[in-house]
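**Student:** here are the coordinates; sequence isn't available:
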Ligand SMILES: NC(=O)C1=CN([C@@H]2O[C@H](COP(=O)(O)OP(=O)(O)OC[C@H]3O[C@@H](n4cnc5c(N)ncnc54)[C@H](O)[C@@H]3O)[C@@H](O)[C@H]2O)C=CC1
Ligand SMILES: CC(=O)C(=O)O
């Protein structure tokens with residue numbers, strides 16, 4: 001199975017590396033408007049393949065994306081320290097309008113997996129420019145924030161992140177919603193479990209975890225210029241779900257008909273992902289404050305998209 005990656009910078013190359021290590025593809029094609037960068041990334045990742053699963057690494061122009069099952073879009077500009085994701089919109093929308101037609105011309109059957117920020121609005125831009133069905137244009141959305149949330153709850157409770165069932169929903173950005181009310185450690189609510197083992201999720205503990213999730217990108221960007229490992233693994237996870245028709249439930253962004261009173265907005269909810277993309281959406285279990293926060297997040301995205309998404 002061929003996976004294409006347009007944008008061979010930090011995120012694109014981390015995705016390629018994670019896909020190669022996880023055995024997510026038989027062929028990965030790296031594309032970039034700096035062809036020498038795409039070639040160098042492909043060569044470097046290829047040297048990891050003997051330690052993992054058979055996979056061919058290629059680099060080239062758009063023609064090489066022919067027959068790709070998924071094309072990851074990680075092109076454009078990243079945030080500078082202190083900059084919000086939403087501030088990238090104009091610059092990255094221009095890049096996407098240039099790129100999407102070229103991808104669609106050679107890989108009309110590909111599912112488009114959007115990583116560039118602001119990822120929810122870039123998902124809408126991609127949907128409009130591609131003319132694909134909403135379930136075939138998937139933004140990585142809050143898959144990364146959800147991983148951060150599960151990691152920090154797991155650390156607080158002393159259990160594996162994999163055994164924490166919790167989601168971050170809404171915008172991949174400042175207005176995202178950490179869903180505490182239905183978060184579980186295995187079978188037990190995190191609130192009950194925390195109290196029972198003497199690690200209560202007090203207001204202060206929740207505020208610390210909230211900051212750890214919501215401000216993670218700002219901290220990492222201040223420290224090393226960009227984030228890439230977490231999102232690389234998240235993109236590889238979505239590719240696996242598509243490749244193996246897993247019907248895995250992952251927090252991802254697609255155009256959503258209604259979120260409270262807000263219509264037609266791309267944001268993250270728990271989605272069932274398989275071979276044809278997003279197959280269905282699960283209704284999240286939210287308390288009243290979380291439902292209000294999700295609607296507010298949808299409003300923020302709807303307003304930010306005005307004038308950019310036709
Ligand atoms: N969704 C998420 O959770 C995350 C999203 N991101 C976003 O991913 C995007 C990429 O970030 P990085 O890889 O760190 O940036 P980067 O600057 O390392 O890579 C971007 C690449 O896009 C290429 N590019 C620019 N214009 C192009 C065009 N017209 N055609 C083809 N290639 C083009 C550049 O040459 C560069 O190699 C950013 O928008 C960033 O904010 C970053 C981390 C997490
Ligand atoms: C940069 C970004 O979107 C993140 O790490 O969450």
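**Tutor:** Noted; the coordinates are in hand. Every value quoted in this text rests on a predicted model; they were computed, and no experiment measured them. Numbers count the residues shown, from 1 in each chain. Ligands and ions are numbered 1, 2, ... in the order given.
**Student:** can we go C-alpha only for contacts and neighbour counts from here?
**Tutor:** Will do.
**Student:** What segments of the stretch 201-310 of the chain are strands?
**Tutor:** 248-259, 262-274, 277-281 (DSSP state E, counting those that start in this stretch).
**Student:** Quick one: closest of those to ligand 1.
**Tutor:** The closest of these to ligand 1 is strand 248-259. By C-alpha to the nearest ligand atom, the value is 10.0 Å.
**Student:** what helices or strands is that closest one leaning on?
**Tutor:** helix 119-130, strand 137-139, helix 143-157, strand 262-274, helix 288-305 (3 or more C-alpha pairs under 8 Å, 6 or more residues apart in numbering; DSSP states H and E).
**Student:** Include mean neighbour count and mean pLDDT when you put the strands of the stretch 201-310 of the chain into CSV, please.
**Tutor:** As requested, the strands of the stretch 201-310 of the chain are exported to CSV (neighbours: other C-alpha atoms under 10 Å; pLDDT from 0 to 100):
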stretch, mean neighbour count, mean pLDDT
strand 248-259, 23, 98
strand 262-274, 23, 98
strand 277-281, 20, 98
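**Student:** Make CSV from these and add distance to residue 208 to it.
**Tutor:** Shown next, in CSV, are the strands of the stretch 201-310 of the chain (distance: least, C-alpha to C-alpha, whole Å):
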stretch, distance to residue 208
strand 248-259, 22
strand 262-274, 23
strand 277-281, 30
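**Student:** What residues does whichever residue of the stretch 101-250 of the chain sits closest to ligand 1 make contact with?
**Tutor:** In the stretch 101-250 of the chain, the residue that lies nearest ligand 1 is residue 116 (3.6 Å; C-alpha to the nearest ligand atom). Residue 116 makes contact with 73-78, 92, 122 under the criterion C-alpha atoms under 8 Å, 6 or more residues apart in numbering.
**Student:** about what we covered before: out of the helices and strands packed on strand 248-259, which comes closest to residue 1?
**Tutor:** The closest of the helices and strands packed on strand 248-259 to residue 1 is strand 262-274. By C-alpha to C-alpha, the value is 14.6 Å.
**Student:** touching ligand 1 at all, that closest one?
**Tutor:** No: residues of strand 262-274 contacting ligand 1 under C-alpha under 6 Å from any ligand atom: none, with a closest distance of 11.5 Å.
**Student:** Does anything pack onto that strand? Which helices or strands?
**Tutor:** helix 119-130, strand 168-169, helix 229-243, strand 248-259, strand 277-281, helix 288-305.
**Student:** Can you say which of those is nearest to residue 34?
**Tutor:** Minimum separation from residue 34 across the helices and strands packed on strand 262-274 (C-alpha to C-alpha) falls at helix 229-243, 20.0 Å.
**Student:** Which parts of the stretch 1-150 of the chain are helices?
**Tutor:** 10-22, 35-46, 89-106, 119-130, 143-157 (DSSP state H, counting those that start in this stretch).
**Student:** could you check the angle helix 89-106 makes with the fourth one?
**Tutor:** This points to helix 119-130. 40 degrees (axes from the mean of the first three to the mean of the last three C-alpha atoms, to 10 degrees).
**Student:** sorry, back to before: just say which of the helices and strands packed on strand 262-274 is most tucked in.
**Tutor:** Counting by mean count of other C-alpha atoms under 10 Å, strand 168-169 has the highest mean neighbour count of these, with a mean of 28.
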